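> I would like to see how this sequence folds:
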Amino acid sequence: MTKNIPVFLRPFQWVGAAFLGLLAETGRLAHFAGRVKLSAVSLPVYPGEILLQCIRIGYYSLPVVGLTALFTGAALALNIYVGGSRFNAEQFVPNIVVLGITRELGPVIASLMLAGRVSASIAAEVGTMKVTEQIDALHTLSTNPFRYLYAPRFWAAVLTLPILVFIADILGVFGGYLVSVGTLDFNGNLYIRNTFDYMTTSDIVGGLIKAAVFGALVSIMGCYHGQNSKGGASGVGRAATLAVVSSAVLIFFANFLLTTFFTRIGL
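Numbering: from 1, shown residues only. Below you'll find the model as predicted:
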């Protein structure tokens, strides 16, 4: 059929095919995500698996998330000080640091760290089970893989990422405090007072809501690409890469949508 299409029209055919392929992939992902969410609120529930995944996803991710937040807060304070000094506004460093960490950088950076560590791990684990036919064995044993494999990972990511983000917020603000007091000659008591005076509950709550949404995205993308992996070891590696990339892109997209929504409702 391609041979009957004029050469100058073939680029439009390729664009159309790519667009239709994107729509088909979006539909498959939406269907998969819907099944995961439905399985997460259906019986039976596997509390042991959920607890195990909470340890793997949340507890083991704490060091990398904490260190990243600490250094991000420190670098943010330095950059704000450099920029503020051009307008004699250095005193606003604690205000902007706490706002930037709690509303944006804390949730996004923690989620990206989780995407790099956890989403790839989930995709590799599920993908290995897929290519070695262990998932088919679960069907043979009358065990629903959506409830036994995917739902516990979904709940673990949704529950633990807000906790990680809350810790990242504290460490990020603390990193800005260390640099400001130790390097930029800020008064420690005044810095803390300005931080608490400027910070509001809505700043923290908005970041935690984002974290729960990002956790769902990370877990679903890891499970989705692992479930659809094929081709042996190379297919598993490709699934892990796709899980990380797609999770990161969706995190940025969801962050934009949530920030827009929170801005409109005044949160």
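
> From now on I want contacts and neighbour counts done on CA atoms only, so please keep to that.
Will do.

> residues of the helix or strand where Gly222 lies that come out buried?
Assigned by DSSP states H and E, Gly222 belongs to helix 201-227. Across helix 201-227, burial judged by 16 or more other CA atoms under 10 Å covers 203-227.

> and the helix or strand following that helix, what other elements does it pack with?
Downstream of helix 201-227, the next assigned helix or strand under DSSP H and E is helix 232-265. Judged by 3 or more CA pairs under 8 Å, 6 or more residues apart in numbering; DSSP states H and E, helix 232-265 is in contact with helix 106-114, helix 120-131, helix 201-227.

> Helix 232-265 to helix 120-131, inter-axis angle?
Angle, helix 232-265 to helix 120-131, by axes from the mean of the first three to the mean of the last three CA atoms, to 10 degrees: 130 degrees.

> buried sites along helix 232-265?
Neighbour-count burial for helix 232-265 flags 235-248, 251, 254-255, 258-259 (criterion: 16+ other CA under 10 Å).

> cool, and stretch 177-184?
Tyr177, Leu178, Val179, Ser180.

> ok, the nearest residue to Ala69 once chain neighbours are set aside - contacts?
Spatial nearest neighbour of Ala69, chain neighbours left out: Gly172 (4.7 Å); criterion: CA to CA, 6 or more residues apart in numbering. Residues in contact with Gly172 (CA atoms under 8 Å, 6 or more residues apart in numbering) are Ala69, Leu70, Phe71, Thr72, Gly73, Ala74, Ile101, Gly106.

> Now rank the residues you listed by neighbours and give me the top one.
Ranked by neighbour count (other CA atoms under 10 Å), these have Gly106 at the top, with 34 neighbours.

> which outside residues touch stretch 47-57?
Outside stretch 47-57, the residues touching it (CA under 8 Å, 6+ apart) are Leu114, Val118, Tyr148, Pro152, Arg153, Trp155, Ala156, Ala157, Leu159, Thr160.

> related to what we said a few turns ago, and of the helices and strands packed on helix 232-265, who's closest to Leu20?
helix 201-227 (19.5 Å; CA to CA).

> Show me how far the closest one is from its chain's centre.
Helix 201-227 sits 5 Å away from the centroid of its parent chain (CA atoms, centre = their mean, to the nearest Å).

> Show me where this protein dips below the pLDDT cut-off.
1-10, 12 (pLDDT under 70).

> Not counting sequence-adjacent ones, nearest residue to the residue nearest the centre of it?
Here the mean C-alpha position of the chain is nearest to the C-alpha of Ser111 (CA atoms, centre = their mean), at a distance of 3.1 Å. Leaving aside its chain neighbours, Ser111 sits nearest to Phe214 (6.2 Å; criterion: CA to CA, 6+ apart).

> what's that neighbour in contact with, if anything?
Ser111, Val158, Leu161, Ile251, Ala254.

> Contact partners for the first one?
Taking CA under 8 Å, 6+ apart as the contact definition, Ser111 lies against Leu161, Ala211, Phe214, Gly215, Val218, Ile251.

> Using CSV, lay out those residues together with distance to Ala24.
Output for these, formatted as CSV (distance: CA to CA, whole Å):
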residue, distance to Ala24
Leu161, 30
Ala211, 28
Phe214, 23
Gly215, 24
Val218, 21
Ile251, 21
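
> for those, which one is nearest Gly16?
Ile251 (26.6 Å).

> And the closest one, how far from Ile192?
Taken as CA to CA, to the nearest Å, the spacing of Ile251 relative to Ile192 amounts to 31 Å.
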